[in-house]
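Student: The amino acid sequence is not available; the structure is as follows:
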């Protein structure tokens, strides 16, 4: 009897703790709304007493919970407000998926408290006016996806991203980032990287993490100031589906090797220097573009099982 009584006490205590934790997240959500200025036409469900773990969805938000009643996923989108990124979000300590997008007047830098969200798996913040540096993500070893596209971020890409061993997808498209691309940027065995439409300079790194291009599925670096030659290690890119190096200052040839097949293209550089570069394709390859406005595809294309011309990036005209 004493053991049963003790178990009942422990069970009741656990329920109280879980209830307190749920109340904490409930209070945090209301605090987030308050810090956003309590927008009158947004987040109408977020009021005292609302059941946030019931997959609450409205036209501007989505909330989902873990089995223990903690906020696991939070999405905020298409809100018409002007406010900084709210620090209260950092108090959702069980958060795994965060999406904030289409809030064009969300401004200011990311708060350093982002590093408190150690359970993050996906971090998506896009189409805002956020500025300042890319977060370093010092403690987020579970992160598999980072998307920070269409913002106003500046500074260099933090080398700390190379320590995120599970990171598979990095999208920093259309910001104002500068400096060179860090080596070992995405260390996962299968990776896709989009750093296009920034102000990056320097050379293309010889490897991305330990994959050395061979497991890289996508590399999009167009519209930067990257210079030099394409590294020979790109010849190992047997599963590459997307490669866009257009509108940079690259020179020389695309290295060939492995299962790649040459397709010669004439390229016209932005500074009017003209040179020739080969491209390649493999069974999984969709399309390659390298600083060209005129692409000539010879008979070598018959050896490519599939090339999706409708996915062409960066060409003004084609000539077959």
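Tutor: Looks like it came in fine. The shown structure was predicted, so the numbers you read here are calculated from the model rather than taken from an experiment. Residues are numbered from 1 along each chain as shown.
Student: ok, the host helix or strand of residue 104: who's next to it in the sheet?
Tutor: In this structure, residue 104 is located in strand 97-108 according to DSSP states H and E. Sheet partners assigned to strand 97-108 using DSSP bridges are listed as strand 71-77 (parallel), strand 83-84 (parallel), strand 122-132 (parallel).
Student: Export the ones you listed to a markdown table and append columns for mean neighbour count, distance to residue 26 and mean pLDDT.
Tutor: To be clear about C-beta, it is placed using only N, CA and C from the backbone, and glycine gets the same treatment. Below are the strands paired with strand 97-108 laid out as a markdown table (neighbours: other Cβ atoms under 10 Å; distance: least, Cβ to Cβ, whole Å; pLDDT from 0 to 100):
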| stretch | mean neighbour count | distance to residue 26 | mean pLDDT |
| --- | --- | --- | --- |
| strand 71-77 | 20 | 9 | 94 |
| strand 83-84 | 14 | 21 | 90 |
| strand 122-132 | 19 | 23 | 97 |
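Student: Turn those strands into a markdown table, columns for distance to residue 206.
Tutor: Putting the strands paired with strand 97-108 into a markdown table (distance: least, Cβ to Cβ, whole Å) gives the following:
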| stretch | distance to residue 206 |
| --- | --- |
| strand 71-77 | 37 |
| strand 83-84 | 39 |
| strand 122-132 | 27 |
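Student: Select, out of the ones you listed, the one closest to residue 91.
Tutor: Residue 91 lies closest to strand 71-77 among those, at 9.7 Å (Cβ to Cβ).
Student: Now do the strands in the stretch 51-200 of the chain.
Tutor: 57-58, 61-65, 71-77, 83-84, 97-108, 122-132, 145-147, 152-155, 169-171, 176-180, 191-194, 199-201 (DSSP state E, counting those that start in this stretch).
Student: show me what contacts the closest residue to residue 106 other than its chain neighbours?
Tutor: Residue nearest to residue 106 in three dimensions, not counting chain neighbours: residue 128, with 4.1 Å by Cβ to Cβ, 6 or more residues apart in numbering. Each residue near residue 128 by Cβ atoms under 8 Å, 6 or more residues apart in numbering is listed here: 100-101, 103-107, 150-151.
Student: tell me which residues form a beta bridge with residue 128?
Tutor: Residues in beta-bridge contact with residue 128 (DSSP bridges): residue 103.
Student: mind checking how far it is from residue 38?
Tutor: Applying Cβ to Cβ, to the nearest Å, the value for residue 128 to residue 38 is 19 Å.
Student: cool, and residue 201?
Tutor: 44 Å.
Student: Neighbour count for the two, which is higher?
Tutor: Neighbours of residue 201 and residue 38, each counted by other Cβ atoms under 10 Å, are more numerous for residue 201; the result is 15 against 12.
Student: The nearest residue to that one once chain neighbours are set aside: how many residues sit nearby?
Tutor: Nearest residue to residue 201, sequence neighbours excluded (Cβ to Cβ, 6+ apart): residue 225, at 4.5 Å. Around residue 225 there are 14 other residues, counting by other Cβ under 10 Å.
Student: Could you do residue 40 as well?
Tutor: 8.
Student: what do you get for residue 112?
Tutor: 12.
Student: For it, give its distance to residue 101.
Tutor: 22 Å.
Student: got it, and residue 222?
Tutor: The value you get for residue 222 to residue 101, if Cβ to Cβ is used, is 22 Å.
Student: repeat for residue 232
Tutor: 38 Å.
Student: try residue 175
Tutor: Residue 175 is 14 Å from residue 101, by Cβ to Cβ.
Student: Comparing those two, which shows the higher neighbour count?
Tutor: residue 175 (23 against 20).
Student: For that one, what are phi and psi?
Tutor: phi -130, psi -160 (degrees, to the nearest 10).
Student: On the pLDDT front, check it for me.
Tutor: For residue 175, the pLDDT comes out at 98.
Student: Leaving out chain neighbours, which residue sits closest to it?
Tutor: residue 153 (4.1 Å).
Student: OK, contacts around that neighbour?
Tutor: 130-134, 172, 175-177.
Student: May I have the residues that are in contact with the closest residue to residue 36 other than its chain neighbours?
Tutor: Sequence neighbours aside, residue 83 is the residue nearest to residue 36 in space, at 5.2 Å (criterion: Cβ to Cβ, 6+ apart). Neighbour list for residue 83: 35-37, 105-107 [criterion: Cβ under 8 Å, 6+ apart].
Student: give me that answer again for 7 Å
Tutor: Shown in contact with residue 83 (Cβ atoms under 7 Å, 6 or more residues apart in numbering): 36-37, 106.
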